[in-house]
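Peer 1: missing the sequence, but the structure's below:
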């Protein structure tokens with residue numbers, strides 16, 4: 001699926017996702033990088049002089065392709081030829097949210113930061129730098145002959161849209177919340193939507209950040225009810241399907257359900273971030289303690305470690321004030 005996705009990404013706007021994930025996919029599935037890929041990822045390779053990339057893209061790409069063939073005897077490059085398995089295994093990792101499924105969308109997994117590889121960055125930086133210097137020299141020569149191509153004009157930015165508050169979306173979300181009064185589990189997910197919605201407009205008016213804080217607090221306050229409702233709902237579902245399970249399977253599934261809903265609660269992190277930005281360090285630290293206590297009851301060690309680190313960092317900040 002990932003191979004098909006990468007191969008279908010033939011337009012610039014389709015690459016609006018992490019450069020690191022693109023490189024990781026290319027490495028994992030042995031997908032070679034072409035000259036267009038290298039140019040697009042130039043910033044990740046720490047090549048920042050984009051003068052000729054922007055003004056003379058066709059000439060730059062043709063020149064880069066010649067240099068790739070000169071250096072590697074091929075018109076595309078496998079990352080696997082640059083970064084060996086033993087070096088890949090030494091890469092630093094970072095926890096990232098990778099799941100689309102809403103019930104585990106807040107869960108994190110460790111992702112190797114292949115974009116930090118010195119060998120990969122150096123390999124492509126050197127090629128981009130040589131291309132830049134070659135294009136510069138060629139343009140100087142063509143100008144003397146009066147044959148220099150026309151430079152691309154700088155496109156005017158279309159990103160001048162002013163963010164305006166979406167009253168229609170707000171009304172829709174509040175209606176959804178009202179319709180979940182009898183379903184605590186669904187209400188939790190609407191709380192998450194409202195938190196994200198108001199946080200998006202935080203720069204427009206302090207009212208919206210206050211609303212975000214309010215729904216974070218409401219969500220956290222309802223966690224005990226959420227756990228009870230989740231367990232009861234799942235146990236009732238299990239009773240309905242009990243005939244499809246062996247006795248041992250039924251017992252194991254029941255035991256797993258009784259451990260509770262192990263989804264990540266975004267309200268903890270969002271509230272801690274807001275308070276930290278407001279320099280309300282004591283409040284942010286208190287959120288960390290509450291989060292740690294909650295996740296300890298569910299044995300979610302990785303998330304606990306994250307909040308422990310956040311708490312220590314906040315305590316250090318508070319001491320410096």
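Peer 2: Thanks, I have it. The structure displayed is predicted, hence computed values, not measured ones. Residues are numbered from 1 along each chain as shown.
Peer 1: from the contact counts, what lies against the worst-scoring helix or strand of the chain on mean pLDDT?
Peer 2: Sorted by mean pLDDT, DSSP states H and E, the helices and strands of the chain end with helix 2-8, the least confident at a mean of 73. Here helix 2-8 touches helix 19-28, going by 3 or more C-beta pairs under 8 Å, 6 or more residues apart in numbering; DSSP states H and E. The way it works is simple: take the backbone N, C-alpha and C, and place the C-beta from them, glycine included.
Peer 1: show me what the helix it packs on is in contact with.
Peer 2: Residues outside helix 19-28 that contact it (C-beta atoms under 8 Å, 6 or more residues apart in numbering) are 2-3, 6, 15, 31-33, 37, 41, 43-44, 79-80, 83, 88, 111-115, 120.
Peer 1: next one: the least confident helix or strand of the chain to chain centre, how far?
Peer 2: Counting by C-alpha atoms, centre = their mean, to the nearest Å, helix 2-8 is centred 19 Å from the centre of its parent chain.
Peer 1: which residues are in contact with that helix?
Peer 2: Here helix 2-8 makes contact (C-beta under 8 Å, 6+ apart) with 14, 22, 25, 26, 28, 29, 31.
Peer 1: if we can go back for a sec, just the buried residues of the contacts of helix 19-28.
Peer 2: If you count burial by 16 or more other C-beta atoms under 10 Å, the buried members of the contacts of helix 19-28 come out as 6, 31, 33, 37, 41, 44, 79-80, 83, 88, 111-112, 114-115, 120.
Peer 1: tell me, how many residues neighbour the closest residue to residue 65 other than its chain neighbours?
Peer 2: With C-beta to C-beta, 6 or more residues apart in numbering as the criterion, residue 65 has its nearest non-adjacent residue at 4.7 Å, and that residue is residue 35. Here the neighbour count serves as a burial measure; for residue 35 (other C-beta atoms under 10 Å) it reads 21.
Peer 1: from what I see, residue 35 and residue 72 are in contact.
Peer 2: No: the pair residue 35 and residue 72 does not pass the contact test of C-beta atoms under 8 Å, sitting 11.6 Å apart.
Peer 1: residue ranges with poor pLDDT in this protein?
Peer 2: Within the chain, the stretches falling below the threshold (pLDDT under 70) are 9-16, 99-106, 154-161.
Peer 1: in the helix or strand harbouring residue 191, which residues are buried?
Peer 2: Using DSSP states H and E, residue 191 maps to helix 184-200. If you call a residue buried by 16+ other C-beta under 10 Å, then helix 184-200 has these buried ones: 184-185, 187-192, 194-195, 197-199.
Peer 1: mind putting the residues you listed in JSON lines, distance to residue 313 included?
Peer 2: Rendered in JSON lines, the data for the buried residues of helix 184-200 read as follows (distance: C-beta to C-beta, whole Å):
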{"residue": "184", "distance to residue 313": "33"}
{"residue": "185", "distance to residue 313": "33"}
{"residue": "187", "distance to residue 313": "32"}
{"residue": "188", "distance to residue 313": "28"}
{"residue": "189", "distance to residue 313": "29"}
{"residue": "190", "distance to residue 313": "31"}
{"residue": "191", "distance to residue 313": "26"}
{"residue": "192", "distance to residue 313": "25"}
{"residue": "194", "distance to residue 313": "28"}
{"residue": "195", "distance to residue 313": "22"}
{"residue": "197", "distance to residue 313": "28"}
{"residue": "198", "distance to residue 313": "25"}
{"residue": "199", "distance to residue 313": "21"}
